[in-house]
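Novice: here's my sequence, what's the structure:
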Amino acid sequence: MLLPDRHLVADLLARYRAWERLVLADPLDETTRGRFEDVAYTLCVLMGQRTAREAIWHAEAYLRRTRPVPIFPDGTEPVGPGVHEISAE
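Specialist: Next comes the predicted model:
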């Protein structure tokens, strides 16, 4: 099963919360409400949920259980051209 990019999910959650604060500050602003609804819809589609509340819950759970994969799992970086390893002799 394909999983969404964790950085995209985190970004959408942050945007959702930012737009939510703006909507709560000015509930009659139609432009702000429209952008908030767009982010909520995108989050619903990305997380495969019908409501924003479910999408938020699933997104938060997804971010809690996934950890970033290190680029170099063993903690070493490759030596590139022009870079020489220094031996401790």
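
Novice: just list what the helix ranked longest in the chain packs against, helices and strands only.
Specialist: Taking residue count as the measure and DSSP state H as the definition, the longest helix of the chain comes out as helix 6-25. Using 3 or more CB pairs under 8 Å, 6 or more residues apart in numbering; DSSP states H and E as the contact criterion, the secondary-structure elements in contact with helix 6-25 are helix 30-47, helix 52-65. (C-beta placed from N, C-alpha, C; glycine too.)

Novice: the longest one: how far from the chain's middle?
Specialist: The chain centroid and the centroid of helix 30-47 are separated by 15 Å, computed with CA atoms, centre = their mean, to the nearest Å.

Novice: mind listing what's buried along that helix?
Specialist: The neighbour-count criterion (16 or more other CB atoms under 10 Å) identifies 32, 35-36, 39-40, 43-44, 46-47 as the buried residues of helix 30-47.

Novice: quick one: neighbours of residue 28, just the number.
Specialist: Here the neighbour count serves as a burial measure; for residue 28 (other CB atoms under 10 Å) it reads 7.

Novice: three-state assignment of it?
Specialist: For residue 28, the secondary-structure state derived from DSSP: H, G, I helix; E, B strand; the rest coil is coil.

Novice: which ones are touching the residue most central in space within the chain?
Specialist: Per CA atoms, centre = their mean, the C-alpha nearest to the average position across the chain is that of residue 10, at 2.2 Å. With contacts defined as CB atoms under 8 Å, 6 or more residues apart in numbering, residue 10 is in contact with residue 63.

Novice: how far away is it from residue 30?
Specialist: Distance, residue 10 to residue 30, by CB to CB, to the nearest Å: 28 Å.

Novice: chain center to the longest helix of the chain: distance?
Specialist: Counting by CA atoms, centre = their mean, helix 6-25 comes out at 10 Å from the chain centroid.

Novice: check which residues of it are buried.
Specialist: With burial defined by 16+ other CB under 10 Å, the residues of helix 6-25 counted as buried are 6, 9, 12-13, 15-16, 19-20, 22-23.

Novice: what is the rounded mean pLDDT of it?
Specialist: Average pLDDT, helix 6-25: 95.
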